[in-house]
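> Make a model of this:
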Amino acid sequence: MSPYPVGAVANFMIGRSLKQGPPITHLQLQKLVCISYGFYFAQTNGKLFQEKIEAWPYGPIVPELYHEFKRFESFPLRKWSAHYNYLTGKFQIPVVSKNDSASLKVLNFVWRRYGILSAKQLVEITHADGTPWKITIDQKRRRIKDDLIRNHYSKVLDDAWNSLASAS
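Modelled structure (predicted):
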């Protein structure tokens with residue numbers, strides 16, 4: 001069912017934070033959306049959303065999402081991502097389909113594993129050596145290549161699987 005507009009993935013995370021807590025900030029949202037993209041790509045070899053991820057000084061950023069939510073600064077997000085449909089003349093709130101089990105599995109995993117982390121912790125994770133953001137920044141590039149994202153998150157999944165196997 002994917003790729004979605006990035007706002008659908010953002011709305012999933014915002015919805016979880018509003019229902020289950022803790023509330024998330026714009027910076028946390030960016031990290032959760034980018035991590036979700038990475039895990040989905042590693043699992044399915046497909047894109048969760050079409051928009052590109054870029055390496056900015058504060059980490060991986062989806063520019064469209066940045067411009068939509070920058071006004072919230074570091075305050076908790078309490079608004080949905082919405083896009084104006086010029087054909088209908090109305091705003092639409094994009095959502096992830098309830099029938100899209102592959103996307104929902106990844107998004108629920110990311111929320112449970114990373115949604116509880118602070119912005120500082122998420123920044124540490126996404127800025128670590130060997131991450132797609134760090135490699136792209138070191139190369140003085142802007143756009144983070146999908147191959148870097150897929151390879152990194154495939155390795156994260158492999159490492160997690162291997163640590164579970166060795167623990168049993």
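
> what about residue 8, how many residues close to it?
22 (other Cβ atoms under 10 Å). Backbone N, C-alpha and C define where each C-beta goes, glycine included.

> isn't it right up against residue 95?
Yes. With contact defined as Cβ atoms under 8 Å, residue 8 and residue 95 form a contacting pair (5.4 Å).

> What is the helix or strand harbouring residue 28 packed up against?
Using DSSP states H and E, residue 28 maps to helix 26-44. In terms of contacts (3 or more Cβ pairs under 8 Å, 6 or more residues apart in numbering; DSSP states H and E), helix 26-44 is packed against helix 6-20, strand 59-61, helix 63-69, helix 101-114, helix 119-127, helix 146-167.

> can we see that at 10 Å?
helix 6-20, strand 59-61, helix 63-69, helix 101-114, helix 119-127, helix 132-138, helix 146-167 (3 or more Cβ pairs under 10 Å, 6 or more residues apart in numbering; DSSP states H and E).

> mind listing what's buried in that helix?
Buried positions in helix 26-44, judged by neighbour count with 16 or more other Cβ atoms under 10 Å: 26-43.

> List the single closest residue to the most centrally placed residue in the chain in space, sequence neighbours excluded.
Centre of the chain computed as the mean C-alpha position; nearest residue by Cα atoms, centre = their mean is residue 33, 1.3 Å away. Leaving out its chain neighbours, the residue that sits closest to residue 33 by Cβ to Cβ, 6 or more residues apart in numbering is residue 9, at 5.2 Å.
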